[in-house]
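In: how does the following fold in three dimensions:
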Amino acid sequence: MVSLTALMLPILISAVIVFVASSILHMVLPFHRSDYRQLPEEDKLLAALRSAGLQRGLYVFPFCTHKDMKSPAIQEKYKQGPVGLLTAFPSGPPAMPKFLGLWFVYCLLIGLFAAYLTGRTVPFGAHYPVVFRVAGTAAFMAYSLGPLANGIWKGLPWSFVLKESFDGLIYSLLAAGTFGWLWPR
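Out: This next block holds a predicted model:
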């Protein structure tokens, strides 16, 4: 058993490496440039949302309760469309420093759990492939499998979800490599 304190360096370094890799994947490579589309008649739609008093939150449309879902009126709304989810952020420019900070904390958290699982199952001085396999599996479950729920429940396009899962595969391989490289010997 290897303690979490002995694994602080791989936790931190793996978070930094994943953070840098995600920046490259999202800002340098063209891989994610087609992920988002502009709303049709954006100016008109934004004006209508402003005049409706849209606040920060998650909205579903058409809205109904579970008991009303089968009503003819709601069924007609579903047929007419559009049907979807809308996430509204607070007004103002995107808070990129906040988002990036939270992303880094998330990477640290995944590293912490990967370290915990690996430290409990892989002995001190283990060989690189053994550490890589366990740490990589733990990181893969967080980085790659988590996005699949957004395709299932939130209706995100599967092309987007699969790209996020592929990114997660890259992140988990980088984290696994970092743990294998820095594993206490």
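In: who's in contact with the residue nearest the centre of the chain?
Out: Centroid-nearest residue in the chain: residue 147, 5.7 Å away (criterion: CA atoms, centre = their mean). Under the criterion of CB atoms under 8 Å, 6 or more residues apart in numbering, the neighbours of residue 147 are 161, 164-165, 168. In short, each C-beta sits where N, CA and C put it, glycine included.
In: what separates the residue of the chain positioned farthest from its centre from residue 79, distance-wise?
Out: In the chain, the residue that sits farthest from the middle, by CA atoms, centre = their mean, is residue 72; the gap is 36.6 Å. Separation of residue 72 from residue 79 (CB to CB, to the nearest Å) stands at 10 Å.
In: give me the phi and psi for the closest residue to residue 185 other than its chain neighbours.
Out: The spatial neighbour of residue 185 that comes closest, neighbours along the chain excluded (CB to CB, 6 or more residues apart in numbering), is residue 125 at 4.9 Å. When read as degrees, to the nearest 10, the backbone of residue 125 gives phi 80, psi 10.
In: correct me, but residue 125 touches residue 131?
Out: No: with contacts counted by CB atoms under 8 Å, residue 125 stays clear of residue 131, the gap being 10.0 Å.
In: who's more crowded, the two?
Out: Here residue 125 and residue 131 are compared on neighbour count by other CB atoms under 10 Å; more neighbours surround residue 131, at 27 against 10.
In: that one contacts residue 185, correct?
Out: No: using CB under 8 Å, residue 131 is not in contact with residue 185; the gap is 10.2 Å.
In: one step back: common neighbours of residue 125 and residue 131, please.
Out: Common contact partners of residue 125 and residue 131 (CB under 8 Å, 6+ apart): residue 183.
In: low-confidence bits of this protein, can you list those?
Out: For the chain, no stretch is flagged by pLDDT under 70.
In: let me see the ranges of the helices in it.
Out: Ranges of helices in the chain, per DSSP state H, are 8-23, 42-51, 72-80, 96-121, 128-140, 148-153, 158-182.
In: care to break this protein down by domain?
Out: Domain segmentation of the chain under automatic domain parsing yields 5-36+94-182, 42-88.
In: about what we covered before: so who does the residue nearest to residue 185 touch?
Out: Residues near residue 125 by CB under 8 Å, 6+ apart: 183-185.
In: separate out the buried members of these.
Out: residue 183 (16 or more other CB atoms under 10 Å).
In: need the contacts of residue 125 in a markdown table with distance to residue 96, can you?
Out: Below are the contacts of residue 125 laid out as a markdown table (distance: CB to CB, whole Å):
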| residue | distance to residue 96 |
| --- | --- |
| 183 | 34 |
| 184 | 36 |
| 185 | 39 |
